[in-house]
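In: Sequence below, structure please.
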Amino acid sequence: MANNRITVRGIVGRIESHGEGDQEFHSLSVNVSDYIGKDKETNENRYESTWFNVSVFGGLSKRLASASVNKGDRVEFEGKMTMRENEKDGRKYQNWGIVANDFEVIQRKAGE
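Out: Reported below is the predicted structural model:
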């Protein structure tokens, strides 16, 4: 039996609601940054960012709405990983996504 499960912890960059009532769902973008070292010329910290598109449906979507998740909040999502390939201006892109089956708010954006 194959198991496709991913856990992503990052910062919400975008959150949108779609549909109404029982058909409502949410889509989010979550930024996961990894420290990759100091820049040798400027001595500044360098980070590499990966963006994940997260889709939240059904009862979990209602729970997300009631948790008042907002842009800038640190969250953790668990679910099934997806990947789509797109092409723009002759360049191929991979879009990584998650169909969530659980989430947790880790930390609210500062000042909230």
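
In: Let me see the ranges of the strands in the chain.
Out: Using DSSP state E, the strands of the chain run over 6-18, 25-38, 45-56, 74-88, 91-107.

In: Export those strands to JSON lines and append columns for mean pLDDT, mean neighbour count and distance to residue 63.
Out: Placement of C-beta: from N, CA and C, glycine included. Output for these, formatted as JSON lines (pLDDT from 0 to 100; neighbours: other CB atoms under 10 Å; distance: least, CB to CB, whole Å):
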{"stretch": "strand 6-18", "mean pLDDT": "91", "mean neighbour count": "15", "distance to residue 63": "13"}
{"stretch": "strand 25-38", "mean pLDDT": "89", "mean neighbour count": "15", "distance to residue 63": "10"}
{"stretch": "strand 45-56", "mean pLDDT": "90", "mean neighbour count": "16", "distance to residue 63": "9"}
{"stretch": "strand 74-88", "mean pLDDT": "92", "mean neighbour count": "14", "distance to residue 63": "12"}
{"stretch": "strand 91-107", "mean pLDDT": "91", "mean neighbour count": "14", "distance to residue 63": "8"}
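
In: Could you dump those strands into a markdown table and include distance to residue 65?
Out: Output for the strands of the chain, formatted as a markdown table (distance: least, CB to CB, whole Å):
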| stretch | distance to residue 65 |
| --- | --- |
| strand 6-18 | 7 |
| strand 25-38 | 7 |
| strand 45-56 | 9 |
| strand 74-88 | 14 |
| strand 91-107 | 12 |
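
In: Relative to residue 67, which of these is closest?
Out: Comparing the strands of the chain against residue 67 with CB to CB, the closest turns out to be strand 91-107 (5.8 Å).

In: Partner strands of the closest one, with direction?
Out: Here strand 91-107 is paired, per DSSP bridges, with strand 45-56 (parallel), strand 74-88 (antiparallel).

In: what would those look like in JSON lines with distance to residue 38?
Out: Formatted as JSON lines, the strands paired with strand 91-107 follow (distance: least, CB to CB, whole Å):
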{"stretch": "strand 45-56", "distance to residue 38": "6"}
{"stretch": "strand 74-88", "distance to residue 38": "24"}
